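Chemist: Need coordinates for the following:
(one chain, ligands or ions: 1)
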Amino acid sequence: MSEDQKQAIRAMLAAMDAPDGGGDVVSRGLVSEIFIANNKAFFSLTVPAEEAERFEPFRREAERRAAALPGLEGAMVALTAERAPGAARSAPPPPPARGPAHPHHHPHPRPGATTSGPAEGRGPAGPRPGKPGIPGIATIVAVASGKGGVGKSTTAVNIALGAARLGLKVGLLDADVYGPSVPRLLNLKDKPRTADGRRMIPLDAYGLKAMSMGLLVEEDTPMIWRGPMVMSALTQMLREVEWGQLDLLVVDMPPGTGDAQLTMAQQVPLAGAVIVSTPQDLALIDARKGLAMFRKVEVPVLGIVENMSYFIAPDTGTRYDIFGHGGARAEAEKLGVPFLGEVPLEMAIRESSDAGRPVVATDPDGPQARAYLDIAAGMLRSIEAQKQGGSAGPRIVFE
Ligand SMILES: Nc1ncnc2c1ncn2[C@@H]1O[C@H](COP(=O)(O)OP(=O)(O)OP(=O)(O)O)[C@@H](O)[C@H]1O
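Modeler: Residues are numbered from 1 along each chain as shown. Got it, this is the predicted structure:
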């Protein structure tokens with residue numbers, strides 16, 4: 001059955017017009033192995049990085065058409081710039097709980113290794129000079145991504161919940177004013193009340209204090225934001241919300257590295273930033289832009305998370321590296337920032353997250369929650385290392 005479906009997907013892809021005019025993507029060998037599990041298809045398309053944008057509509061269309069094939073309910077198609085090995089690993093996946101993330105995993109860069117700039121994560125943590133902190137909030141951390149759709153919000157929610165499980169009082173601020181997804185991810189429906197007619201009371205979600213612009217406007221209201229409006233909305237959500245005493249406020253940033261993001265990173269008294277990336281090179285290029293942006297505003301990068309790192313077939317538990325897994329770890333090493341861990345692409349994460357039931361809250365002992373807990377622990381260590389005035393990442397030796 002599933003062989004027939006794979007054949008049908010290949011035939012469907014072969015009949016599609018490739019946007020680069022090079023013809024049939026199947027016979028050009030651009031399609032990875034195809035996996036089908038729980039009536040969903042997963043595969044990637046290898047395209048040169050500079051073709052990524054042109055191929056994006058093709059990718060979406062391939063997803064749509066695959067999902068419409070008989071017997072299939074969904075599809076996940078990724079673009080990758082590097083040919084994925086494709087073959088399944090013979091060994092079962094290593095348990096996601098491989099202990100905490102390893103900020104010190106690569107303490108010794110190759111002799112002579114240099115980087116194009118100073119290591120991220122240097123300098124003291126805490127608000128940068130000139131940015132007043134928020135009374136009651138000990139540490140503010142941004143979760144950012146170079147581009148949209150990499151799972152930044154899902155990661156932000158689950159690492160915030162992870163930090164809460166590790167004993168911290170945690171808040172989550174959805175600063176993604178362009179596409180606020182925290183209300184959906186935490187199943188929040190109520191409008192926040194105001195305490196004294198002015199200050200808003202954050203909503204409680206699985207023990208987190210949460211606030212999002214999505215709670216303040218009607219759903220589906222198109223929001224057209226101009227820079228100054230974004231800043232004033234953000235300032236309000238930071239300063240005019242009764243956060244109370246928090247050990248940690250996680251800020252889900254809007255995706256991308258444009259001016260709005262830069263201004264935000266500048267305005268919020270951030271102790272550091274976590275960058276979420278998918279393994280594909282294409283996304284990593286964007287992740288590098290994210291690093292550069294925080295570097296520019298002197299916010300230390302606490303680490304990189306690789307999301308949708310590899311795929312675990314739900315039926316057999318077999319691990320497949322169809323998306324070119326490992327790119328983010330290598331990139332982190334190269335850039336001298338801690339690698340905080342990897343999260344597999346799992347339907348359990350997608351479904352629970354989209355249903356407002358994040359895995360760390362609803363299945364805290366499961367393997368997916370474990371991955372996020374390890375990442376949260378790694379992030380906290382990285383913050384601590386910042387407070388000690390050093391980098392949790394490898395030291396870069398300039399020669
Ligand atoms: N590890 C994962 N496994 C499977 N699905 C995932 C995973 N992480 C995120 N997703 C799914 O990918 C989609 C995008 O995730 P999310 O909204 O968190 O991304 P984002 O980067 O914040 O996107 P946006 O740019 O739209 O804000 C969602 O449907 C989410 O459930």
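Chemist: Report the residue ranges of every domain in this structure.
Modeler: Following automatic domain parsing, the chain resolves into domains at 2-80, 137-315+324-387.
Chemist: Could you confirm whether any residue of the longest one contacts the ligand?
Modeler: Yes. Counting by Cβ under 6 Å from any ligand atom, the ligand is contacted by domain 137-315+324-387 at 145, 148-154, 176, 179, 181, 255, 307-308, 343, 345-346, 349-350, 353-354. From N, CA and C alone the C-beta is placed, and that goes for glycine too.
Chemist: Kindly indicate whether residue 173 is helix, strand or coil.
Modeler: The local conformation at residue 173, judged by DSSP: H, G, I helix; E, B strand; the rest coil, is strand.
Chemist: Now do the same contact list for the residue nearest to it when sequence neighbours are not counted.
Modeler: Leaving aside its sequence neighbours, residue 173 sits nearest to residue 251 (Cβ to Cβ, 6 or more residues apart in numbering; 4.8 Å). Contact analysis of residue 251 by Cβ atoms under 8 Å, 6 or more residues apart in numbering lists 140, 141, 142, 143, 156, 173, 175, 268, 270.
Chemist: Identify all residues paired with residue 251 through a beta bridge.
Modeler: Going by DSSP bridges, residue 251 is paired in beta bridges with residue 142, residue 173.
Chemist: Show the pLDDT at it.
Modeler: We have a pLDDT of 95 for residue 251.
Chemist: how close does it sit to the ligand?
Modeler: Between residue 251 and the ligand the computed distance is 13 Å (Cβ to the nearest ligand atom, to the nearest Å).
Chemist: Give the ranges of residues in the chain that sit below the confidence cut-off.
Modeler: 1, 81-131, 217-230, 281-282, 390-399 (pLDDT under 70).
Chemist: Give me the longest helix you can find in it.
Modeler: Counting by DSSP state H, the longest helix found in the chain is helix 367-387.
Chemist: How far off centre is that helix?
Modeler: Averaging C-alpha positions (Cα atoms, centre = their mean, to the nearest Å) puts helix 367-387 14 Å from its chain's average.
Chemist: Counting by contacts, list what that helix packs against.
Modeler: Judged by 3 or more Cβ pairs under 8 Å, 6 or more residues apart in numbering; DSSP states H and E, helix 367-387 is in contact with strand 137-144, helix 152-165, strand 272-277, strand 301-312, strand 339-345, helix 359-362.
Chemist: what comes up buried for it?
Modeler: 367-383, 385-386 (16 or more other Cβ atoms under 10 Å).
Chemist: do stretch 73-81 as well
Modeler: For stretch 73-81, the neighbour count (16+ other Cβ under 10 Å) marks 75, 76, 77, 78, 79, 80, 81 as buried.
Chemist: between these, which is closest to residue 361?
Modeler: Closest approach to residue 361 among the buried residues of stretch 73-81 (Cβ to Cβ): residue 76, at 23.7 Å.
Chemist: what about that closest one, distance to the ligand?
Modeler: Plainly put, residue 76 is 8 Å away from the ligand if you go by Cβ to the nearest ligand atom.
Chemist: In what element of secondary structure is residue 77 found?
Modeler: strand 74-80 (DSSP states H and E).
Chemist: Now do that strand against strand 301-312, angle only.
Modeler: Taking axes from the mean of the first three to the mean of the last three Cα atoms, to 10 degrees, one finds strand 74-80 and strand 301-312 inclined to each other by 130 degrees.
Chemist: CA-only coordinates of strand 74-80 in CSV, if you can.
Modeler: The C-alpha trace of strand 74-80 is given here as CSV (Å, rounded to 0.1, in the frame of the first residue of the first chain):
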residue,chain,number,x,y,z
GLY,A,74,-1.1,15.1,5.2
ALA,A,75,2.3,15.7,4.0
MET,A,76,5.4,17.5,5.1
VAL,A,77,7.9,18.5,2.4
ALA,A,78,11.1,20.3,3.2
LEU,A,79,13.5,22.1,1.0
THR,A,80,17.1,21.3,1.7
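Chemist: Which strands or helices does it pack on?
Modeler: If you count contacts as 3+ Cβ pairs under 8 Å, 6+ apart, strand 74-80 packs onto strand 40-46, helix 52-67, helix 281-296.
Chemist: Quote the end-to-end distance of stretch 133-140.
Modeler: 9 Å (Cα to Cα, to the nearest Å).
Chemist: returning to what we had before: let me know the closest of the contacts of residue 251 to the ligand.
Modeler: residue 156 (7.5 Å; Cβ to the nearest ligand atom).
Chemist: what's across from residue 200 in the sheet?
Modeler: Beta-bridge partners for residue 200, by DSSP bridges, are residue 194, residue 241.
Chemist: wait, isn't it in contact with residue 238?
Modeler: No. Look at residue 200 against residue 238 with Cβ atoms under 8 Å: they stay out of range, at 11.2 Å.
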